[in-house]
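Student: Kindly generate the corresponding structure for this input.
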Amino acid sequence: MNKAKLPPEVEFHEDIHLLVYRPRGLIDEAAINNMITVVERLEIEKWSPFNRFYDMSGATQVNLNLKYVTDASIHRRLSHRGRKSVKSAILAKDWGLVHYGHLFELLTQGSSIKVRVFQDRNDAAKWLAVPVERLGPPLH
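Tutor: Next up is the predicted model:
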């Protein structure tokens, strides 16, 4: 997938092996399915593993449920089985997204996907070992 084919809310930094996903507006099953599709296509097309930064600070509304988030988390855990370890940092301030992010973190424990939820962009950058500027500017 070349850069021209990525959705506008996605950036891929080849030099630091980092996907940045910055959805805005409603976060629902369709938004999460889109994110999973993009990540899985890149996993197939890239030779080396890459970390992920999900900047959920542009979310204005959350419409998810426990069953869907559980199913999506287990799907990601299983679809990434046998691959090299990657980090997924979730920047979230909305209580619902923080809650679902922690559920994703819990359900991927012991797998090759290491998930952490952050409320501070600088902390996420440190954990991912990338310059904070590469995560993009804060959304207002």
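
Student: quick one, helices of this structure?
Tutor: Using DSSP state H, the helices of the chain run over 29-45, 66-79, 95-107, 121-128.

Student: could I get those as CSV with mean pLDDT?
Tutor: Output for the helices of the chain, formatted as CSV (pLDDT from 0 to 100):
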stretch, mean pLDDT
helix 29-45, 93
helix 66-79, 95
helix 95-107, 94
helix 121-128, 97
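
Student: Nearest to His13, out of those helices?
Tutor: helix 121-128 (10.8 Å; CB to CB). No exception for glycine: its C-beta is placed from N, CA and C like everyone else's.

Student: How about the closest one, which residues are buried there?
Tutor: Arg121, Ala124, Ala125, Leu128 (16 or more other CB atoms under 10 Å).

Student: and what of stretch 29-41?
Tutor: Buried residues in stretch 29-41 (16+ other CB under 10 Å): Ala31, Ile32, Met35, Val38, Val39.

Student: could you dump those residues to CSV with distance to Ile74?
Tutor: What follows is those, written out as CSV (distance: CB to CB, whole Å):
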residue, distance to Ile74
Ala31, 19
Ile32, 13
Met35, 16
Val38, 19
Val39, 15
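
Student: Give me the distance between the two termini of stretch 84-101.
Tutor: Distance between the two ends of stretch 84-101: 21 Å, counting by CA to CA, to the nearest Å.

Student: Equivalent analysis for stretch 47-65, please.
Tutor: Termini of stretch 47-65 sit 34 Å apart (CA to CA).

Student: Buried residues of that stretch, list them for me.
Tutor: For stretch 47-65, a neighbour-count test (16+ other CB under 10 Å) marks Phe50, Asn51, Arg52, Phe53, Tyr54, Asp55, Met56, Ser57, Ala59, Val62, Leu64 as buried.

Student: tell me the two of the residues you listed that are most distant?
Tutor: Maximum distance among these (CB to CB): 25.9 Å, for Phe50 and Val62.

Student: returning to that earlier point: just name the closest of the buried residues of stretch 47-65 to Phe104, please.
Tutor: Nearest to Phe104 among the buried residues of stretch 47-65, with distances taken as CB to CB, is Tyr54, at 9.6 Å.
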